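Participant: got a predicted model here, sequence first, then my questions.
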Protein chains: 2
Amino acid sequence: MLSDALHNCRFLKAARCEPTDTTPVWIMRQAGRYLPEYMAVRSKVTFIELCQSPELAAEVTLSAQRVLGVDAAILFADLLPMLVPMGIDLEYAKGEGPVIHNPIQSAGDIDRIRELEELGSLQFVFDAVKKIRRELPGDIPLLGFAGAPFTLASYAIEGGGSKNYISTKTLMYTDEGAWKTLMQRLARSLVRYINAQIDAGCQAIQLFDSWAGCLSPDDYRRYVLPYTKQVVAGVRAGTPVINFLTGNPALLPLLREAGGQVMGLDWRVNLADGWKTVGYDVGVQGNLDPVSLMADLPTLKLRTKAVLDAAGGRPGHIFNLGHGVFPEVPPENVKALVNMVHELGQRV
Amino acid sequence: MLSDALHNCRFLKAARCEPTDTTPVWIMRQAGRYLPEYMAVRSKVTFIELCQSPELAAEVTLSAQRVLGVDAAILFADLLPMLVPMGIDLEYAKGEGPVIHNPIQSAGDIDRIRELEELGSLQFVFDAVKKIRRELPGDIPLLGFAGAPFTLASYAIEGGGSKNYISTKTLMYTDEGAWKTLMQRLARSLVRYINAQIDAGCQAIQLFDSWAGCLSPDDYRRYVLPYTKQVVAGVRAGTPVINFLTGNPALLPLLREAGGQVMGLDWRVNLADGWKTVGYDVGVQGNLDPVSLMADLPTLKLRTKAVLDAAGGRPGHIFNLGHGVFPEVPPENVKALVNMVHELGQRV
């Protein structure tokens, strides 16, 4: 049961498409390298040490919310550690990002991917959630998150970042049975992992399908939609899901079909068009081009206003960037953005 | 004046939305590293030496058309050499792709970008066109091509490939006057460069806006559309332009507004939806996901048929991939694809 303060907070009201006093805002990757408070912690440990320490993960999560004055905190975590107990050998190589030493290279390799049943080895995530929830202001919701099945599958197959997803798509096209097995294991694992985040204290969940934009609508419908749908449907009832996909506005009708209370839009689509496409019975989150934060403040303000104008004051808009904030961004611009949204988004 | 054989060839008829006996097909980057005939030439010289040798450029252009049996040849060339006489210091570093040693780092740097007036230093391009046109079968058109203004501007500013186009967009957002100057110089230069390709013997032109997919529709409309439109409008009348943009289906209505007889679609959109969006009074080119070529032939055939079915036999479809062919692709699959299109695309 939510407290009244949480139930009636801006963010959760907007996620239910209820009117709010002003537009709620948070920033993807708000606890990130652009922020001195984050770097003060991060400089002492590696990225994965930070993820695995409930104390430090809580500290960077809480300080970002406090310093920016945003309407939600988001758990500091990474998409990939949940793959480790599933049988993926993951390393965060210095300055290189995540590397998977045993990527799935053939259909046979899928046999060694185990469905996540015991969550014990991910306890550090749930401990961080508990600690953050205890210390967060009573009217600020905590978002949990996870990668969507396609994004996790392509990491596991490509072994890291990819330009063209050749290995992933080749497996998908040539062995649909193996692909289905992998996606089902991921989907069932995700449901457990997400619900454990909710049990530990998250009030909403964002699914990140960061890489699904490389797919055609027909491929998304056939190879991805059933599994993302399964994940969204499996999330504990009453907890809103923000379903976020980047890189292909033509997938928006299918993203909507996959489910969720709020559709996360990247900046490649005009927000008014995007909302019309997904339907006004769901909320939308987004969608300022993150590079806008490199501009002078008057330009940033004009661009922020354009996004708010596209939302037209309709209940159900959560302001955000269309993608994570870059390390190069001046932190004072992010703070200014949050204030601009709260000021310009006021309902008269 | 075109010969009757050229005027009535499949490709140019389709570009005019006239009926053809079967669907014409060519493959972006058809003279590329996947092809042994190309590698036989390429292994003896560097990439830029190949571009700058009319004999070798002609050889790889012609052999790809002949070996594949495609309905058009495309000039082997690169987007960037035209920037060199404009003041850009370009190097093709071994194994690294193009590097620009003096990228535009501030508005002031734009002063040293000269409009292309004398085309003499690009004579190797026009010599290649002449040679190819002389040797190409009389019913096979030769496509010339160029980068669209945004793609060239972002190369010149980022100094090479980019993930987030931070420098390009920052300049665009913060100094619109400087941006306009740069884009106008590029647009006027492109018109001269493209028309010189036509004068030398090209029957159609493809504009590549390979990077414009990183833009929101509002930004494309304001910062890019006027200049791409200026280029298309400046192309010698009677020569069809294929206007190709990759990475953002939400830009298709604006791509159409920018002009051209054929809109080039990447694979992120269903071809039927894309054609409806741009309007049936223009042709469309595309749009098989290039990774399809990694699949077994029965799967490739199903996927090829799906693209042809989406076109529905409507006159004006030119079959292609949604992006360039990868080096990893088996050449026999590309040949099989061309045959499949010709067979499945037959009008009854």
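Facilitator: Structure received.

Participant: contacts, neighbours, all on C-alpha from now
Facilitator: Noted.

Participant: quick one, strands of the stretch 101-250 of chain A?
Facilitator: A:142-147, A:204-209, A:241-245 (DSSP state E, counting those that start in this stretch).

Participant: from the ones you listed, which stretch is densest packed?
Facilitator: Mean neighbour count, computed with mean count of other CA atoms under 10 Å in any protein chain shown, is highest for strand A:241-245 among the strands of the stretch 101-250 of chain A, reaching a mean of 25.

Participant: before we move on, back to that, so which of the strands of the stretch 101-250 of chain A gets nearest chain B?
Facilitator: Of all the strands of the stretch 101-250 of chain A, strand A:241-245 sits nearest to chain B, with 13.2 Å by CA to the nearest CA.

Participant: up against chain B, what does the stretch 201-348 of chain A have?
Facilitator: Within the stretch 201-348 of chain A, the positions near chain B by CA under 8 Å from any CA of the partner chain are A:213-218, A:247-250, A:267-270, A:289, A:291-292, A:294-296, A:299.

Participant: go again with 10 Å.
Facilitator: Residues of the stretch 201-348 of chain A lying near chain B by CA under 10 Å from any CA of the partner chain: A:213-220, A:247-251, A:266-271, A:273-274, A:287-300, A:303, A:306, A:326, A:328-329.

Participant: which of those residues fall within strands?
Facilitator: A:287-288 (DSSP state E).

Participant: narrow the residues of the stretch 201-348 of chain A next to chain B to those that are buried.
Facilitator: The neighbour-count criterion (16 or more other CA atoms under 10 Å in any protein chain shown) marks A:213-220, A:247-251, A:266-271, A:274, A:287-295, A:297, A:300, A:303, A:306, A:326, A:329 among those as buried.

Participant: how long is stretch A:207-221 from one end to the other?
Facilitator: End-to-end span of stretch A:207-221 (CA to CA, to the nearest Å): 17 Å.

Participant: show me the helices in the stretch 101-250 of chain A, by range?
Facilitator: Secondary structure of the stretch 101-250 of chain A by DSSP state H, counting those that start in this stretch: the helices cover A:123-135, A:149-158, A:166-174, A:176-200, A:217-223, A:225-234.

Participant: ok now the fourth one, how far from the chain's centre?
Facilitator: Shown here is helix A:176-200, whose average C-alpha point lies 16 Å from the average C-alpha point of the whole chain (CA atoms, centre = their mean, to the nearest Å).

Participant: now do the first one
Facilitator: Helix A:123-135 sits 18 Å away from the centroid of its parent chain (CA atoms, centre = their mean).

Participant: what do you get for stretch A:223-241?
Facilitator: Distance of stretch A:223-241 from the chain centroid (CA atoms, centre = their mean) equals 14 Å.

Participant: sec struct for residue A:70, please.
Facilitator: coil (DSSP: H, G, I helix; E, B strand; the rest coil).

Participant: what score does it have for pLDDT?
Facilitator: Per-residue confidence at residue A:70 stands at 98 (pLDDT).

Participant: for residue A:13, see how far away it is.
Facilitator: Taking CA to CA, one finds residue A:70 at 15 Å from residue A:13.

Participant: over to residue A:115?
Facilitator: 35 Å.

Participant: what does residue A:335 give?
Facilitator: 23 Å.

Participant: same check on residue A:270?
Facilitator: To residue A:13, residue A:270 is 23 Å away according to CA to CA.

Participant: and for residue A:91?
Facilitator: The spacing between residue A:91 and residue A:13, counted by CA to CA, is 39 Å.

Participant: between those two, which one's more packed in?
Facilitator: The neighbour comparison of residue A:91 against residue A:13 (other CA atoms under 10 Å in any protein chain shown) goes to residue A:13, with 19 against 16.

Participant: now residue A:216, nearest residue through space, not along the chain?
Facilitator: residue B:268 (4.3 Å; CA to CA, 6 or more residues apart in numbering or on different chains).

Participant: burial count for residue A:37?
Facilitator: Residue A:37: 16 surrounding residues under other CA under 10 Å.

Participant: please apply the same query to the one 10 residues further on.
Facilitator: Applying other CA under 10 Å, we find 18 other residues in the vicinity of residue A:47.

Participant: quick check on the nearest residue to it once chain neighbours are set aside: phi, psi?
Facilitator: Nearest non-adjacent residue to residue A:47, counting by CA to CA, 6+ apart: residue A:92, 7.5 Å away. For residue A:92, the backbone dihedrals are phi -100, psi 90 (criterion: degrees, to the nearest 10).

Participant: got the contact list for residue A:92?
Facilitator: When contacts are counted by CA atoms under 10 Å, 6 or more residues apart in numbering or on different chains, residue A:92 touches A:46-49, A:98-100.

Participant: looking at these, which are in strands?
Facilitator: Those of the contacts of residue A:92 mapping onto strands are A:98-100, per DSSP E.

Participant: so which of the residues you listed reach chain B?
Facilitator: Okay, of the ones in strands among the contacts of residue A:92, nothing touches chain B (CA under 10 Å from any CA).

Participant: span of stretch A:280-299 from start to end?
Facilitator: This stretch, stretch A:280-299, spans 29 Å end to end (CA to CA).

Participant: average pLDDT across it?
Facilitator: The model assigns stretch A:280-299 a mean pLDDT of 98.

Participant: pLDDT wise, what is residue A:39 at?
Facilitator: If you check residue A:39, the pLDDT there is 97.

Participant: meant to ask about residue A:107
Facilitator: For residue A:107, the predicted pLDDT is 89.

Participant: which ones are touching it?
Facilitator: Contacts of residue A:107 (CA under 10 Å, 6+ apart): A:171-172, A:174-179, A:181-182.

Participant: swap in 6 Å and give it another go.
Facilitator: Residue A:107 makes contact with residue A:178, according to CA atoms under 6 Å, 6 or more residues apart in numbering or on different chains.

Participant: tell me how far it lies from chain B.
Facilitator: Counting by CA to the nearest CA, to the nearest Å, the separation of residue A:107 from chain B is 14 Å.

Participant: any chance of the backbone angles for the residue nearest to residue A:112 when sequence neighbours are not counted?
Facilitator: Distance criterion CA to CA, 6+ apart; nearest residue to residue A:112, sequence neighbours excluded, is residue A:87 at 6.4 Å. With angles defined as degrees, to the nearest 10, residue A:87 sits at phi 110, psi 10.

Participant: residue A:280 now?
Facilitator: The phi/psi pair for residue A:280 (degrees, to the nearest 10) is phi -80, psi 0.

Participant: and it, how many neighbours?
Facilitator: 13.

Participant: great, nothing more from me.
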